[in-house]
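A.B. asks: Need a 3D model of the following:
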Amino acid sequence: MPHALADRQAAMNALRGPVRLRTLTVLRWLAVAGQTVSIIIVHFALGFPTPLGLCLGAIAASAWLNLFVTLRYSPQRFLSDREAAGYIAFDIVQLCMLLFFTGGLQNPFSALIIAPVTIAASVLPLRFTVGLAALAIAGVSILALNHMPIPWYPGESLELAPVYKAGFWAALSFSIAFFAAYAHRIAAESVQMRSALAATQLVLAREERLAALGGLAAAAAHELGTPLATIQVTAKEMQREIERELADHEDLADDAALLVSQAERCRDILSRLSRHGEAGDVMHDRLGVDDLLREAAAPFIDQPGGPSIRIETNSLDGAKKPVLKRRPEIIFGLRNFIENAAGYAENDVLISAEWGENRLSVSVHDDGPGFSPEILARLGEPYVSARAGYRLPGSKSGLGLGFFIAKTLLEATGARVVFENRHWEGSPHGLSGAWVGAEWDLKATNASLIA
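C.D. replies: Numbers count the residues shown, from 1 in each chain. This next block holds a predicted model:
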């Protein structure tokens with residue numbers, strides 16, 4: 001389990017992606033421009049006296065840092081998480097200094113302290129996000145207690161009630177924490193989905209390659225059959241001639257017999273390849289529903305110590321059995337559900353299919369303990385194990401992508417996938433067994449599903 005979680009976190013961090021230096025420098029230039037314009041307007045246009053030197057010094061520090069990193073490094077350089085956190089921490093400290101010179105939390109621009117924390121939560125791991133949020137809250141707390149007077153009309157001062165300042169401090173602190181948590185959660189879910197979809201694409205590509213190899217094997221067997229038959233006939237003629245004319249040459253007779261036997265062996269190999277390669281052969285790229293279910297369940301039928309797997313098909317209203325295109329997505333998706341059912345079933349797994357004029361449904365039902373309640377509501381999401389709490393003895397804990405991949409592949413063919421627990425008559429647990437169903441609207445998916 002620790003290794004699986006570590007692999008998952010590593011994959012998510014890789015997909016989250018590093019931050020380019022150019023991204024942060026552009027944001028900082030925007031901040032420098034905005035801060036400069038604000039100070040100039042307040043001091044010169046509105047006539048509020050400000051500590052101009054201190055404010056411009058704080059702004060110049062940001063500009064100097066930008067110039068330094070621009071001249072020192074390539075704008076396309078990717079920053080490590082630690083470096084990006086350092087740059088954002090500098091922005092938080094610089095903004096706190098500027099607010100300290102201009103009234104602290106009384107300054108309406110103090111709400112901008114939320115911005116760098118939100119950016120950090122979107123691009124950095126949790127530990128750095130927490131550290132930067134804590135830094136921002138510490139800065140807000142200091143500004144609530146100590147700051148220079150807010151720029152105001154000459155001869156007057158603006159002092160807010162302590163209770164108001166306390167309320168504003170609480171609002172800012174909670175806002176920092178909330179936006180950080182919210183942005184990090186959204187970014188994490190986005191990374192999870194990209195990671196899971198990437199895994200799905202890899203699985204589908206593998207299944208398509210296997211199907212293509214099967215078709216290639218069938219085509220090769222078909223093409224090689226004719227010359228091999230010619231070789232076999234010629235070898236048998238040679239063997240008869242040697243036995244009739246050169247009976248005293250035992251070496252030649254043995255060689256001829258070996259040639260015939262090896263030709264027959266090649267014929268058997270090509271025959272097996274042709275049978276196994278039917279899945280991708282152009283002449284066999286269609287199959288009935290019952291053939292589809294048998295192919296998907298083939299690896300789990302008659303397994304020693306495994307459950308009994310039954311396949312049932314039923315036509316609704318006398319509808320003709322649909323002939324389907326061979327889709328690796330459907331075969332892999334159903335096989336994943338069947339594997340899970342076979343792994344948790346006590347004795348039996350029922351695979352059934354029903355079809356009507358415009359509908360095809362396939363379901364997998366086992367007599368095991370069923371899906372746990374806390375998992376059932378989230379089943380089909382990435383990184384959710386199928387039956388947490390019911391782990392099989394000796395089984396390995398995966399990343400929880402199996403059901404997500406199967407569901408995604410089936411939905412890509414137009415299926416609607418449903419998970420639930422249904423009563424299995426005679427279940428030794430007295431519980432509902434796990435039931436997974438996939439249903440296709442044949443009218444809507446006719447071009448991509450029906451052969």
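A.B. asks: Please identify the helix or strand for residue 437.
C.D. replies: strand 432-441 (DSSP states H and E).
A.B. asks: One more: residue 444?
C.D. replies: Applying DSSP H and E, one finds residue 444 in no helix or strand.
A.B. asks: nearest spatial neighbour of it, skipping sequence neighbours?
C.D. replies: Leaving out its chain neighbours, the residue that sits closest to residue 444 by C-beta to C-beta, 6 or more residues apart in numbering is residue 414, at 6.1 Å. No exception for glycine: its C-beta is placed from N, CA and C like everyone else's.
A.B. asks: residues in contact with that neighbour?
C.D. replies: 440, 441, 444, 445, 448, 449 (C-beta atoms under 8 Å, 6 or more residues apart in numbering).
A.B. asks: Could you single out the nearest of those residues to residue 423?
C.D. replies: residue 440 (25.4 Å; C-beta to C-beta).
A.B. asks: The closest one touches residue 411, doesn't it?
C.D. replies: No - using C-beta atoms under 8 Å, residue 440 is not in contact with residue 411; the gap is 10.4 Å.
A.B. asks: Show me where the protein has its strands.
C.D. replies: 19-20, 78-79, 286-288, 308-315, 323-325, 348-355, 359-366, 415-423, 432-441 (DSSP state E).
A.B. asks: Give me the helices and strands touching the second one, please.
C.D. replies: Counting contacts by 3 or more C-beta pairs under 8 Å, 6 or more residues apart in numbering; DSSP states H and E, strand 78-79 is packed against strand 19-20, helix 21-40.
A.B. asks: With the longest one instead?
C.D. replies: When contacts are defined as 3+ C-beta pairs under 8 Å, 6+ apart, strand 432-441 sits against helix 328-344, strand 359-366, strand 415-423.
A.B. asks: Mind telling me the two of the contacts of residue 414 farthest from one another?
C.D. replies: 441 and 448 (11.5 Å).
A.B. asks: From residue 51, how far off is residue 150?
C.D. replies: Spatial separation of residue 150 from residue 51 under the definition C-beta to C-beta, to the nearest Å is 11 Å.
A.B. asks: quick one: which of those two has more around it?
C.D. replies: residue 150 (21 against 17; other C-beta atoms under 10 Å).
A.B. asks: And the pLDDT at that one?
C.D. replies: Looking at residue 150, its pLDDT reads 90.
A.B. asks: Now it. Nearest residue, chain neighbours left out?
C.D. replies: residue 103 (2.6 Å).
A.B. asks: Could I get the contacting residues of that neighbour?
C.D. replies: When contacts are counted by C-beta under 8 Å, 6+ apart, residue 103 touches 147, 148, 149, 150, 151, 158.
A.B. asks: I'd like the distance between it and residue 66.
C.D. replies: According to C-beta to C-beta, residue 103 and residue 66 sit 26 Å apart.
A.B. asks: low-scoring stretches of this structure, by residue?
C.D. replies: 1-17, 192-226, 228, 245-250, 269-284, 383-401, 426-431, 446-448, 451 (pLDDT under 70).
A.B. asks: repeat that with 80
C.D. replies: The chain contains residues with pLDDT under 80 at 1-18, 155-157, 188-286, 317-318, 326, 374, 376-402, 404-405, 424-432, 445-451.
A.B. asks: Tell me how it divides into domains.
C.D. replies: Following automatic domain parsing, one gets these domains for the chain: 2-202, 212-283, 285-449.
A.B. asks: Thanks a lot, catch you later.
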